[in-house]
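Engineer: using only what follows, build the 3D model:
(one chain, ligands or ions: 2)
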Amino acid sequence: QGKLLSVRNLKRHFDLGKGKTLKAVDGISFDIFKGETFGLVGESGCGKSTAGRTIMGLYNATEGEVMFNGKNVHAAKGEEKNALIRSMQMIFQDPYASLNPRSTVFEIIAEPIQIHGLVTDKAELRNRVVELLESVGLNRDHANRYPHEFSGGQRQRIGIARALALDPDFIIADEPISALDVSVQASVVMLLQKLQKEKGLTYLFIAHDLSMVKYISSRIAVMYLGNMVELTTSENLYDNPLHPYTAALLSAIPIPDPDIEESRQRIILEGEIPSPINPPTGCVFHSRCPKAMPHCSQKVPIWTQYEEGHFVACHLYATN
Ligand code: SF4
Ligand code: MG
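Structural biologist: Residues are numbered from 1 along each chain as shown. Ligands and ions are numbered 1, 2, ... in the order given. Here you go, the predicted model:
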């Protein structure tokens with residue numbers, strides 16, 4: 001399996017003025033392999049959306065590097081930059097906000113194709129858009145309608161069709177189902193999986209909890225307050241979570257079997273997530289960690305490979 005994306009010590013800070021800095025993403029490193037679904041999980045405000053946008057090149061990197069197919073995303077210019085834009089696309093959480101209400105579905109999906117000058121012939125463009133609509137379970141009759149005429153699930157399908165318009169290799173899906181009714185969430189996830197198979201897509205799937213990503217991801221990284229705290233395969237994360245924060249997230253997933261559900265220990269984290277403007281010293285999780293030790297507030301835990309492919313940043317697993 002080849003490496004498609006490589007993220008190294010990526011930081012994205014926002015200068016808020018008056019000497020204040022928001023450390024939204026504060027040094028994350030990981031690789032994504034061709035054809036996999038890589039889950040990125042963490043509570044709201046942990047920096048996962050900012051990470052996604054920085055990886056896409058929508059934000060500059062404050063520090064660190066993103067390599068996509070051997071190309072530096074933040075250094076690319078001209079035609080190399082355009083080629084990267086075509087290869088990397090994004091699906092957003094809110095299909096209502098991300099579709100222009102005054103454009104028809106045809107215009108929404110055709111726009112990126114026209115901007116990149118991929119198809120100029122009108123009839124051919126029409127066919128291409130219909131093809132894209134059909135690939136997401138819509139049809140040619142939908143092309144002349146406006147976003148408000150569709151349900152939430154259908155709007156997300158339009159967003160997916162638009163993301164596919166430039167025939168990308170890689171899609172960042174930023175909480176693509178969290179704004180949808182539970183009843184349509186599974187169908188959108190199944191559509192994404194079908195498209196992945198058909199088109200050989202690689203996904204970075206961002207989510208605020210583990211309930212869905214656990215099933216669809218090959219590997220999962222957990223983020224807390226701008227930092228990555230654990231990364232491993234989905235099965236291993238579920239069977240053998242190392243980081244206390246991962247354990248808490250896992251304990252929050254409801255289990256359908258009432259016998260298991262009742263006997264289960266739910267880990268309730270005390271306190272609020274601290275502000276990324278003034279993050280805690282040492283381990284950023286220490287203020288809420290049930291296993292915190294005295295030195296956790298002093299010393300930053302190093303991102304370490306604990307076992308093959310299983311990374312964690314926690315003093316409980318320090319090898320030195
Ligand atoms: Fe908890 Fe300490 Fe590990 Fe941080 S380093 S997660 S505070 S045990
Ligand atoms: Mg977000």
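Engineer: what residues sit buried inside the helix or strand where residue 81 lies?
Structural biologist: Assigned by DSSP states H and E, residue 81 falls within helix 78-87. By 16 or more other Cβ atoms under 10 Å, the buried positions in helix 78-87 come out as 84-87. All C-beta spots, glycine's among them, are computed from the backbone N, C-alpha and C.
Engineer: nearest to residue 3, of those residues?
Structural biologist: Among these, residue 87 lies closest to residue 3 (Cβ to Cβ), at 14.4 Å.
Engineer: quick one: residues contacting the closest residue to that closest one other than its chain neighbours.
Structural biologist: Closest residue to residue 87 apart from its sequence neighbours, by Cβ to Cβ, 6 or more residues apart in numbering: residue 169 at 4.8 Å. Contacts for residue 169 (Cβ atoms under 8 Å, 6 or more residues apart in numbering) come out as 4, 34, 69, 87-88, 200-202.
Engineer: if I look at residue 169, how far off is residue 58?
Structural biologist: Remark: distance between residue 169 and residue 58 (Cβ to Cβ, to the nearest Å) = 17 Å.
Engineer: which among the contacts of residue 169 end up buried?
Structural biologist: The neighbour-count test (16+ other Cβ under 10 Å) marks 4, 69, 87-88, 201-202 as buried among the contacts of residue 169.
Engineer: pLDDT weak spots in this structure?
Structural biologist: For the chain, the stretches flagged by pLDDT under 70 are 1, 260-261, 263, 319-320.
Engineer: so residue 48 touches residue 39, yeah?
Structural biologist: No. Counting by Cβ atoms under 8 Å, residue 48 stays clear of residue 39, with 10.1 Å between them.
Engineer: overlap in contacts of those two?
Structural biologist: Joint contacts of residue 48 and residue 39 (Cβ under 8 Å, 6+ apart) are residue 206.
Engineer: what residue is smack in the middle of this protein?
Structural biologist: Residue closest to the average C-alpha location in the chain (Cα atoms, centre = their mean): residue 206, at 2.6 Å.
Engineer: am I right that that one is in a strand?
Structural biologist: Yes. When DSSP: H, G, I helix; E, B strand; the rest coil is applied, residue 206 is found to be in a strand.
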